[in-house]
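Visitor: Provided below are the primary sequence and the corresponding predicted coordinates.
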Amino acid sequence: MTTSFLISNIDAIMTGLHGAAARHAGPDIRVVDGVIGAIGKLAPLPGEAVVDATDCIAYPSWVNTHHHLFQSMLKGDPAGIDASLTPWLAATPYRYRARFDEKLFRLAVRIGLVELMRSGCGTVADHNYLYYPGMPYDTSAILFEEAEALGLRFVLCRGGATQTRQLEAELPTALRPETLDGYLADMERLIKLYHDPSPMAMRRVVMAPTTPLYSATPEELRTMAGFARRAGVRLHSHLSETVGYQDTAHGKHHCTPVEFAERCDWLGDDVWFAHLVKLDPSEIALLGKTGTGIAHCPQSNGRLGSGIAPIRQLEEAGVPISIGVDGAASNEAADMVSETHAAWLMQRARRGQEATPSYAGGSFEGGADAATVEDVVRWGTTGGARVLGLGALDGLQVGQQADIALYRLDDPRYFGLHDPALGPVVGGGRPYLKALYVAGRAVVEDDGIPGIDLAALGREARQATRRLLAAQD
Ligand SMILES: [Zn+2]
């Protein structure tokens with residue numbers, strides 16, 4: 001028996017698609033068995049449930065392609081607040097990593113997922129690197145459990161390292177690296193337990209050593225890539241976040257970071273990298289030629305002073321673009337509305353920064369053509385589905401999964417908008433979430449998450465933060 005419901009009288013629809021297809025007049029969307037059955041002017045079928053979406057706008061649910069959920073308990077750490085990437089890593093995530101136990105990890109994951117959901121995010125890829133030999137709790141299981149309890153699609157990017165970075169040298173032995181065999185054995189376990197290769201999967205596993213240049217040897221990286229491809233899982237990691245990557249690749253391997261990835265079989269349309277801020281033109285061309293994707297993390301790149309990734313050039317070269325919030329220890333607002341708002345602004349700022357006066361050879365005044373709202377919505381939705389290989393999340397069109405965010409722009413920051421569809425991206429903030437659907441199931445209703453008491457979650461977070469701070473000495 002099929003079940004359907006009608007989302008009716010939507011004010012404006014962004015589809016997540018290209019060009020003229022980026023918008024749909026609607027005003028109604030029919031959801032049939034978790035799939036978009038029809039879009040247009042539709043009358044309710046006899047007995048069909050109707051969701052009144054008057055004054056609401058519809059986006060595809062956001063797809064977040066890079067995160068470290070455990071960092072949701074490490075926001076605004078004064079020791080790292082003004083530090084660039086490498087000292088920040090030592091000051092905040094690595095310093096606190098050993099203090100996580102099962103309870104604190106679960107709380108952090110829940111906070112991060114709830115924050116994302118309330119921005120309209122339905123799919124989360126988490127790059128989790130809390131693993132060490134003999135670990136007394138299973139972070140992978142906790143991530144899948146928490147995401148499932150909230151009704152989200154979840155992609156576990158299984159981080160980890162076989163090598164230590166200099167800055168980890170003084171950390172507790174509980175953070176010692178894994179062996180390659182141990183890492184691969186756990187990948188095999190996770191794939192068996194959780195990995196669903198289908199294009200509408202609710203659960204996926206990805207091979208994701210934390211940072212190719214530092215986490216494993218080139219030989220091990222090649223072994224990992226071969227393993228992943230035989231197992232049919234994707235590859236993900238950090239790359240070229242700062243000039244430090246360029247120095248390391250140049251100093252240790254006499255090449256660029258992207259060339260290093262190529263030598264290790266780490267380029268292709270089954271690979272995506274977070275950041276890719278510092279790239280030379282040959283690297284952009286190589287990424288494009290191989291179809292290697294990016295998780296663009298503009299807020300984290302801004303917060304750590306890393307720079308602004310050249311998204312326009314990457315897209316023109318053929319690189320699949322997606323958006324990731326990155327961990328909340330280098331972001332503090334790990335939600336997809338603020339992230340896409342930042343992406344929209346920062347691409348324009350980056351392009352504008354290149355403008356020079358015409359008397360000095362310049363040919364343009366500013367950078368407002370660097371990213372449209374439609375571009376940003378596409379990157380943050382269907383772009384994300386593409387890098388994750390979730391082919392059934394190809395935007396708001398018939399036959400695709402009904403992953404839909406319905407916003408109502410009740411906050412004064414949205415009052416006076418000539419084109420409401422632009423609101424979340426141009427305004428940022430947090431629009432009222434009338435509903436969030438994942439595979440047609442309402443996981444947020446009337447701005448609330450069933451089963452989640454936000455005030456209680458806030459109290460728990462405050463207590464846990466106090467305990468973390470008290471345990472510092
Ligand atoms: Zn990251």
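Guide: Ah, there it is.

Visitor: how much distance is there from stretch 111-119 to the middle of the chain?
Guide: Distance of stretch 111-119 from the chain centroid (Cα atoms, centre = their mean, to the nearest Å) equals 12 Å.

Visitor: correction: the previous question concerned stretch 232-248.
Guide: That offset, for stretch 232-248, works out to 16 Å (Cα atoms, centre = their mean).

Visitor: do stretch 301-320 as well
Guide: Using Cα atoms, centre = their mean, the offset of stretch 301-320 from its chain centre is 15 Å.

Visitor: give me the residue from the stretch 151-300 of the chain nearest the ion.
Guide: residue 274 (5.0 Å; Cβ to the ion). Heads up, the C-betas are built off the backbone N, CA and C, glycines and all.

Visitor: OK, contacts around that residue?
Guide: In this structure, residue 274 makes contact with 65-66, 127, 236-239, 241, 294-295, 297, 324, 326, judged by Cβ atoms under 8 Å, 6 or more residues apart in numbering.

Visitor: could you restrict those to the ones contacting the ion?
Guide: Among those, the residues that sit close to the ion (Cβ under 5 Å from the ion) are residue 326.

Visitor: and the contacts of residue 274, which of them are in strands?
Guide: Cross-referencing the contacts of residue 274 against strands under DSSP state E gives 127, 236, 237, 238, 239, 294, 295.

Visitor: count of residues packed around the first one?
Guide: Residues lying near residue 127 (other Cβ atoms under 10 Å) number 25.

Visitor: who does it bridge with?
Guide: Assessed by DSSP bridges, residue 127 has beta-bridge partners residue 157.

Visitor: that one reaches residue 69, doesn't it?
Guide: No - judged on Cβ atoms under 8 Å, residue 127 makes no contact with residue 69 at a distance of 9.1 Å.

Visitor: who's residue 235 bridged to?
Guide: Counting by DSSP bridges, the residues bridging with residue 235 are residue 207, residue 271.

Visitor: how far away is it from residue 227?
Guide: For residue 235, the distance to residue 227 (Cβ to Cβ, to the nearest Å) stands at 10 Å.

Visitor: please apply the same query to residue 183.
Guide: For residue 183, the distance to residue 227 - Cβ to Cβ - is 10 Å.

Visitor: comparing those two, which residue is more hemmed in?
Guide: A direct count of neighbours by other Cβ under 10 Å for residue 183 and residue 227 places residue 183 higher, at 26 against 18.

Visitor: helix or strand right after the lowest-mean-pLDDT helix or strand in the chain?
Guide: In the chain, the helix or strand scored least confidently by mean pLDDT, DSSP states H and E is helix 93-97, which has a mean of 89. Counting by DSSP states H and E, the next helix or strand C-terminal to helix 93-97 is helix 102-118.

Visitor: avg pLDDT for whichever strand or helix holds residue 148?
Guide: Under DSSP H and E, the secondary-structure element containing residue 148 is helix 139-150. The pLDDT scores in helix 139-150 average 98.

Visitor: check stretch 249-259 too.
Guide: 97.

Visitor: tell me the buried residues in that stretch?
Guide: Neighbour-count burial for stretch 249-259 flags 249, 256, 257, 258, 259 (criterion: 16 or more other Cβ atoms under 10 Å).

Visitor: and those, which two are the farthest apart?
Guide: 249 and 258 (8.5 Å; Cβ to Cβ).

Visitor: how about residue 308, nearest residue that isn't a chain neighbour?
Guide: Spatial nearest neighbour of residue 308, excluding adjacent residues (Cβ to Cβ, 6 or more residues apart in numbering): residue 350 at 4.2 Å.
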